[in-house]
Structures are given as C-alpha cells and as structure tokens.
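In: coordinates only, sequence not included:
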C-alpha cells in the first residue's frame, strides 16, 4: 500500500513562553517540524499532510518551498479532531503514518518497523517503557497481553497509573480503518476532547489486532513542551551526530563539545578540537585539522589543511595544505588555493588567494585577486569601497606588499613588484617595479618633550 503521513502541528506550545509557534523552535538550527518533514520524506511517502493551527501562517511561510498538503485545525478539540481534518486527503487503500511536529528525533528505521505492522487485520502502535510514566497515556493489555486500549493520565485509575508502558502517540494504520474508527470516537472524557487514542479500544472491540513496537532509544519519542526539553533533545541530537563522525573515522577531542548544524562529509584522519560549530554543507577532506572554538559554515576544506583556533569561515573553499588562523575570518566568496597561508587577525572577503601566497598578520583583503607566491605584510588594507561601489584589487605573482600599506582599488600590482611599507597606492604598479609613497622623514634636534604640570598649578 502507498504511504501517506499526517503530522500534527497545531498546538500553541504555551509552556515555551514564546511568540514563535512551538514547531518552529529549532534543534541544530532546523525547526522541529523540519526534522519531522525530513524523516517523512525519507520514508518515500506519497503525500505529507501537516495539520496546523496556532501560528499557521508563520509555519506555512517557513516551509513554503516544501511539497506539503496543509490542513488547518481552526478549533483545538484534541488529537482525534486534528486527524479528522486531514481525512479528506486520505484514501482507504493507503497506509497512514501519524507523527507529531514537536517529536523531532524518531528514526526512519523505527518508523519503518511500525509501518510493517499494518495489515487489513491490524494497526501499528509505537509504545515505550519508562521508569517514570507520569503524564503519559497508559497501554492497557488483557490477560493474553493483547492491547485493549489506552487510558490518558487524567482518566486513569490509581492501578492503571502504575503501568510503565506508555503511548507515544505515533501510529500506523490503514486508511479504511482510520476513517471508520475516527467516525466513532466521542469527547466524553475529563478534557472534553476527541482523543485519537480512543480508536484503539474501538479497534479491539471490532476484532482489529493492535501490533506494538518500541524504538531503540526512548529519546526518539521525546517531545518538546518547554525550553528545558528543547535543550535536552539538542544535546542528544548533537551527541548522536558526533558518534556518526567518530564511526566514520573522525577524531573528536570531546564529543560533548561539538555542534553540527548541517550536512558534514569527512575524510579519514580528520581531527576536530573542542567547541567547534559546523553549519550548512561542510566537506572536510583527509587529514584536515580544526582547532578549538572555530565556526565553519558552507565550506570545503581540502586535504592537509589546518584551521587554527578561533577562526570563522563561511562560504569558502580552502585548497590543500593551507593554514588559516588563529583568529582569522574568511567571509563568503573567499577561495584559498593550495598552500596559502592566512594568519592571525586577517579578514578575507570575496577574494582568491593564490598558491603559496601569505597574508599573515592584521590585514583586510576584500574583492581581490592575489596570484602565486605573493607576500602581504602586516596591516595591509585593500580599500575596495568608495562609499557606493566595490572595486577590485589585483596583485600578480610574486609581488611583495610591505606592512601598513593601503591599496586603493581599482588597482593592479604587477609581477615581482614591491610596494614599500607605509605606502598608499592608488595607481597601477608595473612588473618588477618598486612603488612607495612615504613622506620625507624629519628630525628636530634638541626637541623637548611636553611634561605634565605639577598638581595644583594653573596656566
């Protein structure tokens, strides 16, 4: 049978104490609902229906690029009522998987096992056994250990509250069973709501078998109701990602102190120190070493390159055997060719740094093209912005730029040219040419340095 997914995402999330809809709060910089949608897409679902309510406009806008069937629950009358809103999009002949927009970490393997429980005679229910089941609906079984229903915490007897197997809310069912069972539920309970869980007692009464399975890890079915739970799931997510990297051969100095907020590809013998943030799409080739406290986003770092402590890299390509940092910033559009060196307190933006070229100290390079074997001295600035437009600086192969130089773009420095320290260069410099603009040095003999007047003395 084809698979359709219904994701319930209509709740307000009052305990988050936020104007942001609960399902838009992030784990690893991705909204909770985004994690669930990604999981659903990995199951090859024919369609995904998302039931929204509070903050519906913001939720739809956030996922406007997704192929999603949006369904609005205008009145909050419980989970059963929420699923009923999606029924016009469900066919009797398909399998339906029901997920929750605030339960972000359920794995595809767990859900695949759950879906396999569905047949014409059975429905699938995901349960979990907890030491402290407080707050959860309890799974009721008969003397033959068959599930006969689910009782919510507020409706449970003292004896039922001792049960440790609880409902996760996640289930898989044929479209025909879902349509028929939902038509029979009512709201005669403590909350006056239509509980989705009521379908299980109805199913038992109609002779439909309830097959259960459990996740490998209990955190897979943990939901988010407040910021404490959000932070807890963030750490679980990050540790799982760290484990994946280590299994793939990456050395992490402390798996608890790395944040992965995107898609990471890593070669062999990669080493990553503590407090590193990897965001977006990051490729780390063989033998790359990342120092402590670095932030790397949407970057490719080729084999043998070293990123030293406290460096920030974004939308950058770094060639083989390069050295960057410490305290370097590579901004979008930067490309370092092989064996380039970027040193401490250097900022590079939208520039190409050629093979074996060095920009080692206290320098800003913006909108520039630097050739092979160039040395850029400390305190050099490419003056690329005239207040309205950006202009380009070209420094050709084997040029030498002295310290404390200002290169006023547009300007080209020729091959093997030398620019003397302290110069301001506003015109092109030819090949094999020395250019400098220093004012003549003056010396005043017998000059007396000003001194402070004694306290109390006035002029």
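Out: Arrived safely, thanks for sending. Everything numeric in this text was worked out from a predicted model, so none of it was measured.
In: show me the shaky parts of the chain.
Out: With pLDDT under 70 as the threshold, the chain has low-confidence stretches at 458-459.
In: which strand residues bridge the residue sitting nearest the centre point of it?
Out: Residue closest to the average C-alpha location in the chain (C-alpha atoms, centre = their mean): residue 261, at 2.8 Å. Counting by DSSP bridges, residue 261 is bridged to residue 279.
In: count of residues packed around the closest residue to residue 408 other than its chain neighbours?
Out: Of all residues not flanking residue 408 in the chain, residue 426 sits nearest, at 4.1 Å (C-beta to C-beta, 6 or more residues apart in numbering). Yep, even glycine has a C-beta here, placed from its N, CA and C like the rest. Using other C-beta atoms under 10 Å, residue 426 has 13 other residues around it.
In: thought residue 426 was touching residue 412?
Out: No: counting by C-beta atoms under 8 Å, residue 426 stays clear of residue 412, with 11.6 Å between them.
In: picking up where we left off before, show the contacting residues for the residue nearest to the centre of the chain.
Out: Contact analysis of residue 261 by C-beta atoms under 8 Å, 6 or more residues apart in numbering lists 28, 29, 30, 277, 278, 279, 280.
In: go ahead and build a PyMOL selection from the buried members of those.
Out: Command for PyMOL that selects the buried part of those, burial taken from 16 or more other C-beta atoms under 10 Å:
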select buried, resi 28+277+278+279
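In: what is the nearest of the contacts of residue 261 to residue 202?
Out: residue 30 (36.7 Å; C-beta to C-beta).
In: return the distance of the closest one relative to residue 79.
Out: 24 Å (C-beta to C-beta, to the nearest Å).
In: same thing with residue 174?
Out: Counting by C-beta to C-beta, the gap from residue 174 to residue 79 is 19 Å.
In: next one: residue 21
Out: Relative to residue 79, residue 21 is positioned 17 Å away (C-beta to C-beta).
In: kindly report the same for residue 402.
Out: Residue 402 sits 71 Å away from residue 79, going by C-beta to C-beta.
In: same deal with residue 362?
Out: 60 Å.
In: between those two, which is the more surrounded one?
Out: The neighbour count for residue 362 versus residue 79, taken as other C-beta under 10 Å, is higher for residue 79 (22 against 18).
In: now for the residue nearest to that one when sequence neighbours are not counted, how many residues are close by?
Out: Leaving aside its sequence neighbours, residue 79 sits nearest to residue 196 (C-beta to C-beta, 6+ apart; 3.9 Å). Residues within reach of residue 196, counting by other C-beta under 10 Å, total 25.
In: so residue 196 versus residue 220, what's the distance?
Out: 19 Å.
In: go on, residue 320?
Out: In terms of C-beta to C-beta, residue 320 sits 40 Å off from residue 220.
In: how many other residues sit next to the nearest residue to residue 185 once chain neighbours are set aside?
Out: Ranked by C-beta to C-beta, 6+ apart and with sequence neighbours excluded, the top spatial neighbour of residue 185 is residue 198, at 4.4 Å. Neighbours of residue 198 under the rule other C-beta under 10 Å: 25.
In: wait, doesn't residue 198 sit right on residue 188?
Out: No: the pair residue 198 / residue 188 is not scored as a contact, 9.5 Å apart, by C-beta under 8 Å.
In: report how many residues lie close to residue 382.
Out: Close neighbours of residue 382, defined as other C-beta under 10 Å, add up to 27.
In: that one: what's its closest spatial neighbour, skipping adjacent residues?
Out: With C-beta to C-beta, 6+ apart as the criterion, residue 382 has its nearest non-adjacent residue at 4.4 Å, and that residue is residue 393.
In: need the distance between the two termini of stretch 321-330.
Out: For stretch 321-330, the separation between the terminal residues is 16 Å (C-alpha to C-alpha, to the nearest Å).
In: ditto for stretch 346-361
Out: 6 Å.
In: go on, stretch 361-376?
Out: Using C-alpha to C-alpha, the end-to-end distance of stretch 361-376 comes to 9 Å.
In: likewise stretch 95-111?
Out: 12 Å.
In: which residues in the stretch 201-350 of the chain form helices?
Out: Using DSSP state H, counting those that start in this stretch, the helices of the stretch 201-350 of the chain run over 227-247.
In: ok, which stretches of it are strands?
Out: Applying DSSP state E, counting those that start in this stretch to the stretch 201-350 of the chain gives strands spanning 209-213, 251-252, 258-266, 271-272, 276-284, 289-290, 295-301, 306-307, 312-318, 323-324, 329-330, 334-336, 341-344, 347-349.
In: rewinding a little: which residues touch the residue nearest to residue 382?
Out: Taking C-beta under 8 Å, 6+ apart, we find residue 393 in contact with 365, 367, 368, 369, 382, 384, 407, 409, 410, 411, 412, 413.
In: can you redo the residues you listed as CSV with distance to residue 248 and secondary structure?
Out: Shown next, in CSV, are the contacts of residue 393 (distance: C-beta to C-beta, whole Å; DSSP: H, G, I helix; E, B strand; the rest coil):
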residue, distance to residue 248, secondary structure
365, 34, strand
367, 37, coil
368, 36, strand
369, 36, strand
382, 39, strand
384, 40, coil
407, 43, strand
409, 43, coil
410, 46, coil
411, 46, strand
412, 45, strand
413, 44, strand
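In: how many neighbours does residue 107 have?
Out: Neighbour count for residue 107, taken as other C-beta under 10 Å: 15.
In: got a list of what it touches?
Out: Applying C-beta under 8 Å, 6+ apart, we find residue 107 in contact with 39, 215, 216, 220.
In: just the buried ones among those residues, please.
Out: 39, 215, 220.
In: and those, which is closest to residue 302?
Out: residue 39 (32.5 Å).
In: isn't residue 225 up against residue 13?
Out: Yes: here residue 225 reaches residue 13: they are 7.2 Å apart, a contact under C-beta under 8 Å.
In: okay, and the common contacts of these two?
Out: Contacts common to residue 225 and residue 13, judged by C-beta under 8 Å, 6+ apart, are 22, 102.
In: and these two? Which one has more around it.
Out: Higher neighbour count among residue 225 and residue 13: residue 13, with 21 against 16, using other C-beta under 10 Å.
In: buried residues, the helix or strand harbouring residue 360. List them.
Out: Assigned by DSSP states H and E, residue 360 belongs to strand 358-361. Of the residues in strand 358-361, 358, 359, 360 count as buried by neighbour count, 16+ other C-beta under 10 Å.
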